[in-house]
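In: got a predicted model here, sequence first, then my questions.
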Amino acid sequence: MEKRFFIAFLLVLPFCLSEGQDKAASILDPAAHEMNFERHLWFSTDNAAGMALSPLDNYSVVSAGYRHTEGDFRSLQRGKSENLLTFNTNGAVSLGRTFLWGDFTFRRDGWQDAQYNTNCFFLDPDMPYYVADDRAGDWTRQSYDMSVKAAFPMLWDRVVFGAGASYMAYKGAKQIDPRGVPIGYALEVSPSVAVIIGEGHAIGAVFTYRNMFERSTFSNVQGSNSSPVFLMKGLGFYSSGSVSGTGGISPYFYPGNSFGGSLQYAFSSGDVRVLADLGFYSYRRDAFQNPQTRYRMGTAGKTGCSADIMVMWGSGVRHKLTFEALYTVTKGTEYLQERDQDVNTDPYKVLAELDMSRYRTRRASVTYGIFTGGRDNTYSWYAGVQAGYEGRSETYFTPESVLEYNNAGAALFAKKNFRAGKTCRILVAADAGYRLNLGGEYDYNGPDQDHRVITVFYANEFAVSSADFFKAGLDAVFSVPVRSVAGINIGASFDGMFPAAGGGSRWAVSGVLSVLF
């Protein structure tokens, strides 16, 4: 398996190693590299064909980084302490009238003192059917993530076809009994088209299909000893199970498919550029126990829509305004089943499908930034403000139970691009913000109201999700050019969250070494 990942990496790497000798030395400035993405609005969408209408400057970068996170202000499913190692290479290149972009990322991280998740690699709040236990223990996690975008030569000076694809493979392991080992993949393809419909006007469309699968096995190193687990159903509802060396629950597996699409409209005139992106998607993800009997644990059916609008204007002083909104609804379905004696059918027959839970997410944010100084493709100062809202409501229908919260937040950010000596650069960034809870509740009306799943796990999840907190961050990157064909960048950062009511915090420090061609 490792060999297949390495071969796939080699296939992506040629896209990342663009022709550095054809680039101006200014692209090696970290601020210019950032502006390469800020200026080209089409790239922020899923429409790969749009790269032909607004091509990225050729570049390639190879980086390695480390991040350490610490603190109690967290979901109990995350580690109290986390260590993450990353390796990344990505780049863009134009080959005649074809435009390519590729990315490969390897991640390996370790979590300490995580609880209430025995079998899932991804902690998805919209998948209520998983296995949990209350023993604090360590996790190791590893993933390979590859993405490619291609915009093909324009036809009739008007139409561009494009394609995007991504593949992620991952594996995790819980390091204490009861142990879970999830392994899975996600594959996505997204054909696209962009059409120029008049001077300064263009439209685009994307279709996206995603296939995903995860399988998790359970074991106890302590032999025949039995470890209790909770087969979760949402909002604290669960049934009891166990993991042991001689029996207990069978492997879980999660097949899923997602379909979606988006429409784009772009306008440009002089120094003004506008892009609107409207998206929709729907997915179904099933949870089964035991690949042979295919006993249904539940189904998460999710639909969502999004709206993003970006406006950029100005030349000497440039402005960028971004609006983003997202709304999703997930339905949790449980099944009434009986054993089927017919050997020609599935071992379990579904007698009834019961819609037992619903999960809604609402997000909206607006960001304004101003770039001053520097050349057209870089900046001396970048500063701005961001404001946002997030709402979440979860309902279990029988007996009716509710978890809900609404939060608003605002933040200020600023970056300064310093010259250090004749050729070196230092890019310093700082941000600060505050999140305010506008209200919420967790009202559980099921059995075992004094159980630790309710009084410890869900009580903590609600407290963290609805807390008021300050956040702040500081980042610095030192850049050294090498003969005007490459730049070596050394970066360090700190960010933290500090609850207004006290009782813990969450902070992280990171470092990265990268080479930009």
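Out: Nice, I can see it.
In: which residues of the chain fall in helices?
Out: 2-16, 30-39, 452, 459-465 (DSSP state H).
In: in the stretch 101-250 of the chain, which spans are strands?
Out: Ranges of strands in the stretch 101-250 of the chain, per DSSP state E, counting those that start in this stretch, are 131-132, 137-151, 159-174, 179-198, 201-219, 227-234, 237-243.
In: scratch that, the stretch 301-450 of the chain
Out: When secondary structure is read from DSSP E, counting those that start in this stretch, the stretch 301-450 of the chain shows strands at 318-339, 348-372, 381-396, 401-420, 424-443.
In: can you lay out those strands as CSV showing mean pLDDT and mean neighbour count?
Out: Bear in mind the C-beta positions are built from the backbone N, C-alpha and C, glycine included. CSV is the format used below for the strands of the stretch 301-450 of the chain (pLDDT from 0 to 100; neighbours: other C-beta atoms under 10 Å):
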stretch, mean pLDDT, mean neighbour count
strand 318-339, 97, 17
strand 348-372, 97, 16
strand 381-396, 98, 18
strand 401-420, 97, 17
strand 424-443, 98, 16
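In: hang on, the earlier thing: next, format the strands of the stretch 101-250 of the chain as TSV and append distance to Tyr396.
Out: Formatted as TSV, those follow (distance: least, C-beta to C-beta, whole Å):
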stretch	distance to Tyr396
strand 131-132	16
strand 137-151	27
strand 159-174	26
strand 179-198	24
strand 201-219	24
strand 227-234	6
strand 237-243	6
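In: ranking those by burial, who's on top?
Out: Mean neighbour count (mean count of other C-beta atoms under 10 Å) peaks for strand 131-132 among those, with a mean of 24.
In: show me what it is packed up against.
Out: Applying 3 or more C-beta pairs under 8 Å, 6 or more residues apart in numbering; DSSP states H and E, one finds that strand 131-132 contacts strand 227-234.
In: list the contacts of the strand it packs on.
Out: With contacts defined as C-beta atoms under 8 Å, 6 or more residues apart in numbering, strand 227-234 is touched by 118, 128-133, 135, 177-178, 218, 220, 238-244, 248-249, 297-298, 332, 334, 356-357, 359, 394, 396, 453.
In: need the strands of the stretch 301-450 of the chain in a markdown table (columns: distance to Tyr283).
Out: Formatted as a markdown table, the strands of the stretch 301-450 of the chain follow (distance: least, C-beta to C-beta, whole Å):
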| stretch | distance to Tyr283 |
| --- | --- |
| strand 318-339 | 9 |
| strand 348-372 | 13 |
| strand 381-396 | 18 |
| strand 401-420 | 22 |
| strand 424-443 | 27 |
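In: ok, the residue nearest to the spatial centre of the chain to Arg285 distance?
Out: Residue closest to the average C-alpha location in the chain (C-alpha atoms, centre = their mean): Phe122, at 10.0 Å. According to C-beta to C-beta, to the nearest Å, Phe122 and Arg285 sit 11 Å apart.
In: over to Asp103?
Out: Taking C-beta to C-beta, one finds Asp103 at 25 Å from Arg285.
In: these two: who's more crowded?
Out: Neighbours per residue (other C-beta atoms under 10 Å) separate Asp103 from Arg285, with Arg285 holding more: 22 against 19.
In: give me the number of residues near the residue nearest to Asp308 when sequence neighbours are not counted?
Out: Excluding the flanking residues, the one nearest Asp308 by C-beta to C-beta, 6 or more residues apart in numbering is Asp277, at 4.4 Å. Residues near Asp277, counting by other C-beta under 10 Å, number 24.
In: least reliable of the helices of the chain going by mean pLDDT?
Out: Comparing mean pLDDT across the helices of the chain, the lowest value falls on helix 2-16: a mean of 49.
In: so which of the strands of the stretch 101-250 of the chain gets nearest Ser269?
Out: Nearest to Ser269, of all the strands of the stretch 101-250 of the chain, is strand 201-219, at 9.4 Å by C-beta to C-beta.
In: just the angle for that closest one relative to strand 159-174, thanks.
Out: For strand 201-219 against strand 159-174, the angle between stretch directions is 20 degrees (axes from the mean of the first three to the mean of the last three C-alpha atoms, to 10 degrees).
In: so how far is Leu336 from the closest residue to Thr398 other than its chain neighbours?
Out: In space, Thr398 comes closest to Met356 once its chain neighbours are excluded; the distance is 6.8 Å by C-beta to C-beta, 6+ apart. According to C-beta to C-beta, Met356 stands 11 Å off from Leu336.
In: how about Asp103?
Out: From Asp103 over to Leu336 the distance is 45 Å, taken as C-beta to C-beta.
In: which neighbours do Met356 and Leu336 share?
Out: Joint contacts of Met356 and Leu336 (C-beta under 8 Å, 6+ apart) do not exist.
In: what are the bridge partners for Ala420, then?
Out: Cys424 (DSSP bridges).
In: surely it touches Phe478?
Out: Yes: between Ala420 and Phe478 there is a contact under C-beta atoms under 8 Å: 7.3 Å.
In: which helix or strand in this structure has the lowest average pLDDT?
Out: Every helix and strand of the chain was ranked by mean pLDDT, DSSP states H and E. The lowest is helix 2-16, at a mean of 49.
In: circling back to that earlier point, need the overlap of contacts for Ala420 and Phe478.
Out: Ile426.
In: still on that earlier bit, state the pLDDT value of the residue nearest to the centre of the chain.
Out: In this model, Phe122 carries a pLDDT of 93.
In: quick one, what contacts it?
Out: Neighbours of Phe122 in contact, by C-beta under 8 Å, 6+ apart: Glu214.
In: would you mind measuring from it to Gly184?
Out: 9 Å.
In: overlap in contacts of the two?
Out: Glu214.
In: test my guess that Pro399 contacts Asp443.
Out: No: Pro399 is beyond contact range of Asp443, at 10.5 Å (criterion: C-beta under 8 Å).
In: what are the phi and psi values for Thr293?
Out: Main-chain torsions, Thr293, degrees, to the nearest 10: phi -90, psi -20.
In: swap in Ser54?
Out: phi -150, psi 80.
In: that one reaches His40, doesn't it?
Out: Yes: if you go by C-beta under 8 Å, Ser54 and His40 touch, sitting 4.5 Å apart.
In: any regions of this protein where pLDDT drops low?
Out: Where the chain drops to pLDDT under 70, the residues are 1-27, 223-224, 343-344, 376.
In: switch the cut-off to 80
Out: For the chain, applying pLDDT under 80 flags the ranges 1-28, 222-225, 245-247, 341-346, 374-376, 484, 502-503.
In: what bridges to the spatially closest residue to Ser357 that is not a sequence neighbour?
Out: Excluding its sequence neighbours, the residue lying closest to Ser357 (C-beta to C-beta, 6+ apart) is Gly332, at 3.5 Å. Residues in a beta bridge with Gly332, per DSSP bridges, are Ala300, Ser357.
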